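Asker: Everything below, folded, please.
(one chain, ligands or ions: 1)
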Amino acid sequence: MPPSSIIRQALEALASGKCVAILDSESREGETDLFFPAATTTPGALRTLRTQAGGELYIAIGSEVATTFGLPYMGQVLAMAHSHPVLQCSAKGTVMCQGSCSVGISLDHRSLKTGASDVERSYTCRRLAGLWGEHSCASNGNGEAFGREFHAPGHIFLCVENSLGLRARQGHTELSVALAKAAGISPLMVGCVMLCNEGDDFGALPLQDARFWAEKHQVPFLAGQEIFDFTNGLA
Ligand SMILES: O=C(CO)[C@H](O)[C@H](O)COP(=O)(O)O
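Answerer: Purely as a prediction, here's the structure:
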């Protein structure tokens, strides 16, 4: 299917390192996350995510990135902690991560002081995308290259795409990675969920407010279904 005008705007925005807003669907989380391409993330982009979105910062990575470096889901890590009763219990329900929780490990680049600031977290994002660029043609499980540059835990966490992509799971993780691939950029996107940051509502930002914010800031706003339909057409 040819790209709609909003899909075209989103692809152009990503190709120039700019922000896009993605609503998963009202029948799922019903939340809108903002995203920038990880490869070109600036400190200013992270400040935008912190101040305009406000949730946890994460890097959505394509399943091929996880495979290249052998990166696990957090549910798999917890399930390995046989000797720790609390971790055993809390891992329940997240073990089948291909179907449910996309959260992976957290990380910092080893060269950083604490890894917390916008300058330092943006470096972690750019270097992860850079390292993947250097190893994307290599065989599976290059954990040593990853470990030479990054340590875990750190100040930004990974969300790992389901290996079947949008066919199996339609989370912000798969949606943002699918959009990145359609834009021809690396399958690593820095994201953050939009929360209310004024008034008496302490929940996620309602859909109409997220749309209003996106329009005001000229950020392309996409519903998950639009990405699904477009990328399905590309397959
Ligand atoms: O809330 C979030 C992070 O704080 C994200 O929506 C979430 O982690 C991405 O996961 P999913 O693919 O399940 O939407």
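Asker: quick one: contacts for the residue of the chain found nearest the ligand?
Answerer: Closest to the ligand within the chain is Gly171: 2.3 Å, counting by Cβ to the nearest ligand atom. For the C-beta atoms, the positions are set from N, CA and C on the backbone; glycine is no exception. Gly171 is in contact with 24, 28-29, 102, 159, 162, counting by Cβ atoms under 8 Å, 6 or more residues apart in numbering.
Asker: can you count the residues close to Met74?
Answerer: By other Cβ atoms under 10 Å, 20 other residues sit near Met74.
Asker: Can you give me the pLDDT of the closest residue to it other than its chain neighbours?
Answerer: Computed as Cβ to Cβ, 6 or more residues apart in numbering, the closest residue to Met74 that is not its neighbour in sequence is Val103, at 4.7 Å. Here, the pLDDT recorded for Val103 equals 96.
Asker: Hmm, Val103 is touching Leu158, no?
Answerer: Yes: assessed by Cβ atoms under 8 Å, Val103 is found in contact with Leu158 at 7.5 Å.
Asker: Name the residues contacting each of the two.
Answerer: Counting by Cβ under 8 Å, 6+ apart, the shared contacts of Val103 and Leu158 are Tyr58.
Asker: neighbour-wise, which of those two wins?
Answerer: Each of Val103 and Leu158 has its neighbours counted (other Cβ under 10 Å); Leu158 has more, 26 against 19.
Asker: Touching, that one and Leu57? I think so.
Answerer: No: using Cβ under 8 Å, Leu158 is not in contact with Leu57, being 10.9 Å away.
Asker: packing partners for the longest helix seen in the chain?
Answerer: In terms of residue count, the longest helix belonging to the chain (DSSP state H) is helix 118-135. In terms of contacts (3 or more Cβ pairs under 8 Å, 6 or more residues apart in numbering; DSSP states H and E), helix 118-135 is packed against helix 43-48, strand 54-61, helix 63-69, strand 103-109, helix 143-149, strand 150-160, strand 188-194.
Asker: Buried residues, the fifth one. List them.
Answerer: Within helix 143-149, the residues that qualify as buried by neighbour count (16 or more other Cβ atoms under 10 Å) are 146, 149.
Asker: tell me which strands and helices it is in contact with?
Answerer: helix 63-69, helix 118-135.
Asker: can you pull the buried residues of the one helix or strand Glu226 maps to?
Answerer: Take DSSP states H and E as the rule and Glu226 turns out to sit in helix 224-234. For helix 224-234, burial by neighbour count (16+ other Cβ under 10 Å) applies to 224, 226-228, 230-231.
Asker: Can I get that helix as CSV, trimmed to CA atoms?
Answerer: Only the C-alpha atoms of helix 224-234 are listed here, as CSV (Å, rounded to 0.1, in the frame of the first residue of the first chain):
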residue,chain,number,x,y,z
GLY,A,224,-0.6,1.4,15.7
GLN,A,225,-3.1,0.2,13.1
GLU,A,226,-1.7,2.7,10.5
ILE,A,227,1.8,1.3,11.0
PHE,A,228,0.5,-2.3,10.9
ASP,A,229,-1.4,-1.7,7.7
PHE,A,230,1.5,0.1,6.0
THR,A,231,4.3,-2.3,7.0
ASN,A,232,2.1,-5.3,6.1
GLY,A,233,1.8,-3.8,2.7
LEU,A,234,5.6,-3.6,2.4
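Asker: Tell me the helices and strands packed up against it.
Answerer: Counting contacts by 3+ Cβ pairs under 8 Å, 6+ apart, helix 224-234 packs against helix 5-15, strand 20-23, helix 172-183.
Asker: The shortest one pairs with which strands?
Answerer: Partners of strand 20-23 in the sheet, by DSSP bridges, are strand 32-37 (antiparallel), strand 221-223 (parallel).
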